[in-house]
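Structure for this input, please:
(4 chains)
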There are 2 protein chains.
Amino acid sequence: MTTGGGTEPDAGRAPSGDAGRGSGAGGGSGADAGGDAVAEVLSALADPTRRRILDALAAHGEATATVLAAELPVSRQAVVKHLGVLDRAGLVTGHREGREARYRVIPERLGVTARWMDRVAAAWDSRLSAIKRLAEGG
Amino acid sequence: MTTGGGTEPDAGRAPSGDAGRGSGAGGGSGADAGGDAVAEVLSALADPTRRRILDALAAHGEATATVLAAELPVSRQAVVKHLGVLDRAGLVTGHREGREARYRVIPERLGVTARWMDRVAAAWDSRLSAIKRLAEGG
DNA sequence: GCAACGCGCAACCATTGGGTTGCACCTTCT
DNA sequence: AGAAGGTGCAACCCAATGGTTGCGCGTTGC
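Predicted coordinates:
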């Protein structure tokens, strides 16, 4: 089993695979295939500011970029950009309400990614113990 | 309830005790306290090449930067740098054997991060349902 | 001892990406 | 209608970072 564990979510990636999903689509709910969704989540989560945004967003339940920017050390535009990334990763969703754009968090993808990560960790574990067995002349 | 859920790993929480391990050859060795261990893992995992390296490494059980570079589309030096990052994140460890420096993966941190992520997802979930209840006049 | 292999360090380049500012456009309130 | 509040788009800046090449040095093997 070559890449059995599969640490790489993009395995068999499509170079031009721009999912291009919009916000309101409620995409978070749909059962994702897995694929590069995990990769997107990982890189989205890699940024500290983005994590803080998610944190604040989860705390508010629902909030606008302006509100979020007010309690973060960055401009509204920065927040907007981050929300864009988070949306593309399927971690948040936004809908327009009158003159404001409210966002909220979507737990789904995070759970999926957590499970993926757990699987990989388990795979590493078994791989390591298998190798250990071999090394010990088992 | 400020940062109740705590999406931010650096927020002052220490995940399970870090397996105090140092690595040798990589250079730098991960000496992080453990609070931002999750953050380090996330940013380490954010890079595709790094994920492929981890994948290849897990498949080999143990390998040198040269070997890894041979099956990846990057130079040995690039691999070395990545291994440095991975080492600092506590995802791999390396030891010198004669004239070669062999690396292997460490499942621990990945598991820790997976659990952290799961907790956050759960927190988001309960927050959302709580808000939903309120909204429905419950 | 000498050549070959492998590693680590350092300099350097190009791109990405987080952040800011400025501006035009659409709602809401008076 | 007009002012105020809020969003979205675009241009621009700068630091971080992934990647490369070149070189010196320890290790192994002939």
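
For whatever residue of chain A ends up closest to DNA strand C, grab the count of nearby residues.
Relative to DNA strand C, the nearest point of chain A is A:Gly98 (2.4 Å; C-beta to the nearest atom of the strand). No exception for glycine: its C-beta is placed from N, CA and C like everyone else's. Counted with other C-beta atoms under 10 Å in any protein chain shown, the burial measure for A:Gly98 works out to 6 neighbours.

how much space between it and DNA strand D?
Plainly put, A:Gly98 is 9 Å away from DNA strand D if you go by C-beta to the nearest atom of the strand, to the nearest Å.

now swap in A:Val38 and tell me
A:Val38 sits 17 Å away from DNA strand D, going by C-beta to the nearest atom of the strand.

Does that residue lie in a helix or a strand, and which?
With secondary structure defined by DSSP states H and E, A:Val38 is part of helix A:37-45.

by contact count, what packs against that helix?
helix A:76-88, helix A:108-135, helix B:37-45 (3 or more C-beta pairs under 8 Å, 6 or more residues apart in numbering or on different chains; DSSP states H and E).

change it to 10 Å
For helix A:37-45, the packing partners by 3 or more C-beta pairs under 10 Å, 6 or more residues apart in numbering or on different chains; DSSP states H and E come out as helix A:48-60, helix A:76-88, helix A:108-135, helix B:37-45, helix B:48-60, helix B:108-135.

how about those helices, which one is nearest B:Gly94?
With C-beta to C-beta, the closest approach to B:Gly94 among the helices and strands packed on helix A:37-45 belongs to helix B:48-60: 10.1 Å.

in that closest one, what counts as buried?
For helix B:48-60, a neighbour-count test (16 or more other C-beta atoms under 10 Å in any protein chain shown) marks B:48, B:50-60 as buried.

Specify the angle between the helix holding A:Val38 and helix A:48-60 in degrees.
Orientation check (axes from the mean of the first three to the mean of the last three C-alpha atoms, to 10 degrees): helix A:37-45 against helix A:48-60 gives 100 degrees.

Can you pull up the most central residue in chain A?
A:Val41 (2.0 Å; C-alpha atoms, centre = their mean).

residues in contact with that residue?
For A:Val41, the set of contacting residues under the criterion of C-beta atoms under 10 Å, 6 or more residues apart in numbering or on different chains consists of A:9, A:32, A:86, A:89-91, A:109-110, A:112-114, A:116-117, B:42, B:45-46, B:117.

So for the helix holding A:Val38, mean pLDDT?
Helix A:37-45 shows a mean pLDDT of 96.

Measure how that helix sits relative to helix A:108-135, angle-wise.
Computed by the same axes, to 10 degrees, the angle between helix A:37-45 and helix A:108-135 is 110 degrees.

any idea how far helix A:37-45 is from the chain center?
4 Å (C-alpha atoms, centre = their mean, to the nearest Å).

Doesn't A:Ala101 belong to a strand?
Yes - the assignment for A:Ala101, made by DSSP: H, G, I helix; E, B strand; the rest coil, places it in a strand.

That one against A:Leu68, yeah?
No - between A:Ala101 and A:Leu68 there is no contact under C-beta atoms under 10 Å: 11.0 Å.

Which one's more surrounded, the two?
Of the pair A:Ala101 and A:Leu68, A:Leu68 is the one with more neighbours under other C-beta under 10 Å, namely 23 against 16.

Tell me the helices and strands packed up against the helix or strand where that one lies.
In this structure, A:Leu68 sits in helix A:65-70 according to DSSP H and E. With contacts defined as 3+ C-beta pairs under 10 Å, 6+ apart, the packing partners of helix A:65-70 are helix A:48-60, strand A:63-64, helix A:76-88, strand A:100-105.

Tabulate those (TSV), appending mean pLDDT and distance to DNA strand D.
Converted to TSV, the helices and strands packed on helix A:65-70 look like this (pLDDT from 0 to 100; distance: least, C-beta to the nearest atom of the strand, whole Å):
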stretch	mean pLDDT	distance to DNA strand D
helix A:48-60	97	10
strand A:63-64	98	3
helix A:76-88	98	5
strand A:100-105	97	4
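
Would you tell me which of those gets closest to B:Arg127?
Shortest distance between B:Arg127 and the helices and strands packed on helix A:65-70, using C-beta to C-beta, is found for helix A:48-60: 5.4 Å.
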